[in-house]
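# I would like to see how this sequence folds:
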Amino acid sequence: MKDWHEDLDNFFSETLQNQQDDTAKLAESKQVAADFLAQTVAPVFAEVQAQLEKHGRVVQTGIGSDTAYITAHYQGQEELNYTVKCLISPGHAGAIPETRGYGEDGRYRGEGHFRSGLQNYSCNDLTQDDIRQHLLAEYKQRVLDQQRHKYRP
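As a prediction, this is how the structure comes out:
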């Protein structure tokens, strides 16, 4: 075995380099996620908010560094509580939708996917249309379920 001192020095040097690389990749992934929320998700939420408000809904939206949300209420009842959550790791920024609501057993929280099939896409692969289609499908289904079953808090 070669000099163990040199071997240990090399180990720590490689470990430090890997940590620095991961830190840089993580910072890049965080920026990708923040850009995705600001440039892709926020405009969709603003468009949907304007349309829902035209139909008498009270809508709130918010955006952070790794999540964005939209809620809608009608006549004091929650119709929508929808969040886009970014999943961030070194070298990757993905996103999933999360819906909260009421069902037969009370309050629930469900995570989903923007696309069917293999889930190896990143934030950069998602379009405004992907977000809009999923959001509107969730909203319409929730409203119909509430009307049919009278799920209320």
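# When you work out contacts or count neighbours from here on, use the C-alpha atoms and nothing else.
Fine.
# Go ahead and name everything in contact with the helix or strand of the chain with the lowest mean pLDDT.
In the chain, no helix or strand scores lower on mean pLDDT, DSSP states H and E than strand 106-111, which sits at a mean of 80. For strand 106-111, contacts defined as C-alpha atoms under 8 Å, 6 or more residues apart in numbering pick out 96, 97, 98, 99, 100, 101, 102, 153.
# mind listing the helices for this protein?
Taking DSSP state H as the test, the helices found in the chain are 4-36, 42-54, 128-149.
# so what secondary structure elements neighbour the longest one?
With contacts defined as 3 or more C-alpha pairs under 8 Å, 6 or more residues apart in numbering; DSSP states H and E, the packing partners of helix 4-36 are strand 77-89, strand 92-103.
# can we see that at 6 Å?
strand 92-103 (3 or more C-alpha pairs under 6 Å, 6 or more residues apart in numbering; DSSP states H and E).
# for the record, mean pLDDT for the strand it packs on?
Averaging pLDDT along strand 92-103 gives 88.
# what angle separates that strand from strand 77-89?
Interaxial angle, strand 92-103 versus strand 77-89 (axes from the mean of the first three to the mean of the last three C-alpha atoms, to 10 degrees): 160 degrees.
# Report the distance from strand 92-103 to the chain centre.
6 Å (C-alpha atoms, centre = their mean, to the nearest Å).
# Excluding its own residues, what touches that strand? List them.
29, 33, 81-87, 107-113, 122-123, 151 (C-alpha atoms under 6 Å, 6 or more residues apart in numbering).
# one step back: so among the contacts of strand 106-111, which ones count as buried?
96, 97, 98, 99, 100, 101, 102 (16 or more other C-alpha atoms under 10 Å).
# With distance to residue 145 as new columns, can those be given to me in CSV?
Formatted as CSV, the buried ones among the contacts of strand 106-111 follow (distance: C-alpha to C-alpha, whole Å):
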residue, distance to residue 145
96, 22
97, 19
98, 17
99, 14
100, 13
101, 10
102, 10
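# residue ranges with poor pLDDT in this protein?
Residues of the chain meeting the criterion pLDDT under 70: 1-2, 103, 117-118, 150-153.
# repeat that for 90
By pLDDT under 90, the weakly predicted segments of the chain are 1-26, 65, 76-77, 91, 100-122, 142-153.
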